[in-house]
Each structure stands twice: as structure tokens, then as C-alpha cells.
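Okay, sequence plus prediction incoming.
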Amino acid sequence: MNEGIIKTHLKKDFITESGHRFEHPEVAYKTWGTLNESRDNVILICHALTGHAAADEWFPGLIGENKLYDPAKNFIICINVPGSCYGSLGPWTNDPKTGESYRSSFPDITIRDMVRFQQLLLDQLDIRGIELVIGGSMGGMQALEFTVMDRRIQSACLIAMGAAHRPWAIGISEAQRAAIKADPKWNGGNYDFDDGPDQGIAAARMMAMITYRTPDNYDTKFGRRKQKGSDQYQVQSYLQYQGEKLAKRFDANSYVILSKAMDSHDISRCRPSKEVLLNRVEIPVQVIGVDSDHLYPVSEQKELAKLLPNSRLHLIESPYGHDAFLIEFEQLHNIIKPFKDIQSILTY
């Protein structure tokens, strides 16, 4: 995931909503294509919780030659959010006051902080217009905030999320954070990532994998079958594998920081009501839900489509639940392409 990643420092300081100032923090991002002369042929992709700037690795069906997002036509950019562990400012950044990495003392951030952080880089790159901002799950939360916070946005695609993080999702995240902090290795967040995988984050990932899929999908995929030569059910082995896999690539502090940031998501927080605020969003918006999503159910996308005056709603039909937005690329293409084509006609 390091191939093609650009790392630089922001020329301006980044200040969080809570008032913490980071002087010229590091930012990691990846681009495809070339900016046009007016610097406005931009597609901005916002990544999800454990995602990163290499969007072509987790959105492979949508980026590339003759695909939905074609580098021959657009300048495509994905920026790693603050708090992550993939190159941008995060818990393993050194605190200038102590000379040691922040780890668990890294300050709380919000979805709006993520947007402001990205805006600093977009300004630095002299990007003057953004044809489309798109994201799913945590990425969709960022994309929604961009529609309110950035006048460069000309259209948006919001996938598998809602106007606010509801108690159901907050509760699931809190249980995952409790699993991380219950691991003796956590030690207040002062564990050493180089010592090997953290079992707390592995357990958190196992919980998440259950919420990302559906009971029917697990019935089909595993049934009550056991591993060959073992008393362990296949579903147990699968979840353990997924937990260990994430623990090897992702930082537990980042998981805590970013999941709490998702909990902060509420488009109307310290603002007018969502009804008033979203009614002011005049740009075209494509809202996409997944018919089997238990984590962010379709009712949330229906609400967004109702509140956004220039929106349209489509559903992905899939047995894969929330994960469908990272699997059902053909359906995503068939939904987004007509929307994108209409905007292109209207623009030109």
C-alpha cells in the first residue's frame, strides 16, 4: 500500500475542534491522473475506518483506465486522515513536548477535523474545484461534511451511512474499544506495535466482521461446518483469521481514535437542525444504501435522500451487508455512472 503514496508536510498548522495545534503535520496521499488547466477536474475519495490513501487497492473496480474514475479524464485524490496509521499525522507521530510518540495521548478528533485536515492539503495543491466527493461508511461521513464545509464540491456520493452516528453504531464501537483496552498489552495505550499483533484489536475486528455481514451470508459461507481435523467451526477460524490479519497491519490506538471520531458524526452538531442544514445543500447528491446493511440500515439513507433537496437514492441488493460497498463494484458502477454522466453534461 506504499506504492505511489506521497508524503509531505502541510504548510499551515492543523488545529482540531478541541483546540489542539499541530505544527506543519505530515500528510500522506495518493493521486491518479493530471490536473487540468483550471484545476477543477478533481474526484476526491474519502476512505473508511481501516482504509488508506491507496484507494485503488480497496476500490479496484472503480479506478483505472476506462473505469468509472478514469485517470485519463480526472485528477483523482485520496488523502489519509489524521489519527490513522498509514502516513498522516497520528498516534505514532512524535509529540514535540516529550520527544516521544503520542500513542494514547493523541487528542480526540472529529469527522470535521478530518475534513479540515484534507482541506489544508487541497488548498496547498491549489485545487479550485471538486467534481465529486465520494466515500462509504466513515468515508461517507466525511463526504457529507464536505458538502456543508467546502464550496468547491460540485456533487457528492454518500454510501452506507447516515446523518449521524446512531446509538446502535456507537454501542458497537464502544464494545470494540473495550475489547482493545481489556488486553493486558494495551497498558494505557503504551504498548509497542513492534512487539507483535495486539489481541485486543483482533477481538475488536472479530466483532466488526459480524456487524459488517449478515446472518444469511454467514449461513451460506460457513453453515455449521467445522475445519478439517478440528472441533472448531469454520466461522470461528474465519473470524480469528480476520482479527489477526488486521492486528498485523493496523494500530490499536488508531482504531480507538478513529472509531471515536465516527461517534462524533452528527451533521447538526452545534449547527442548525439537520432538516434546515441539509435543505441548504443544493448540489446533486447520490445516496446509496445496502438492502442488507445492519450497521447503517437503509432507513438512514432514506432519511438523507429525503433531507437533501437535489438527491437520488439507490440501493445495492446484496447478501454481504455493510461490506457490500467494498464488494459489489458492478452495482456501484451501474448506480454512479449515470449520476456522474448527468453531472458532466450539466457542467459542460
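The structure has been received and is ready for your questions.

which stretches of the stretch 51-200 of the chain form strands?
Under the criterion DSSP state E, counting those that start in this stretch, strands of the stretch 51-200 of the chain are mapped to 75-79, 130-136, 156-159.

quick one: which of these is nearest Tyr218?
Nearest to Tyr218, of all those, is strand 130-136, at 21.3 Å by C-beta to C-beta. Using the backbone N, CA and C atoms, a C-beta is placed for each residue, glycine as well.

what comes into contact with the closest one?
Residues from elsewhere that reach strand 130-136 (C-beta atoms under 8 Å, 6 or more residues apart in numbering): 40-48, 74, 122, 141-143, 146-147, 150, 152-161, 288, 325-326, 336, 340, 343, 347.

Which ChimeraX command selects the buried ones in those?
Only the buried entries of the contacts of strand 130-136 go into this ChimeraX selection, using 16 or more other C-beta atoms under 10 Å:
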select :40,41,42,43,44,45,46,47,48,74,122,141,142,143,146,147,150,152,153,154,155,156,157,158,159,160,161,288,325,326,336,340,343
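
So which of the contacts of strand 130-136 are in helices?
122, 141-143, 146-147, 336, 340, 343, 347 (DSSP state H).

Farthest pair within those residues?
Pairwise over the ones in helices among the contacts of strand 130-136, using C-beta to C-beta, the maximum falls at Met141 and Thr347, 25.8 Å.

tell me the domain ranges of the protein?
Structurally, the chain divides into domains by automatic domain parsing as follows: 6-166+266-347, 169-262.

does Val285 have beta-bridge partners, and which?
Counting by DSSP bridges, Val285 is bridged to Ala156, Ser311.

can you check Phe14 too?
Note on Phe14: beta-bridge partners by DSSP bridges are Phe22.

burial of it, as a residue count?
By other C-beta atoms under 10 Å, 22 other residues sit near Phe14.

Tell me if I'm right that it and Val81 touch.
No - under the criterion of C-beta atoms under 8 Å, Phe14 makes no contact with Val81, lying 11.4 Å away.

ok so, going back, out of the domains of the chain, which one sits most buried?
Mean neighbour count, computed with mean count of other C-beta atoms under 10 Å, is highest for domain 6-166+266-347 among those, reaching a mean of 19.

Mean confidence (pLDDT) on that domain, please.
Averaged across domain 6-166+266-347, pLDDT comes to 96.

and it, how far out from the chain's middle?
Distance of domain 6-166+266-347 from its chain centroid, counting by C-alpha atoms, centre = their mean, to the nearest Å, is 7 Å.

what do you get for stretch 5-19?
In terms of C-alpha atoms, centre = their mean, the centre of stretch 5-19 is found 18 Å from the chain centre.

end to end, how far does it reach?
Stretch 5-19 has an end-to-end distance of 29 Å (C-alpha to C-alpha, to the nearest Å).

Glu244 versus the residue lying farthest from the centre of the chain, what's the distance?
Here the chain reaches farthest from its C-alpha mean at Gly229, the gap being 39.0 Å by C-alpha atoms, centre = their mean. Gly229 sits 20 Å away from Glu244 when distances are taken as C-beta to C-beta, to the nearest Å.

Lovely, talk soon.
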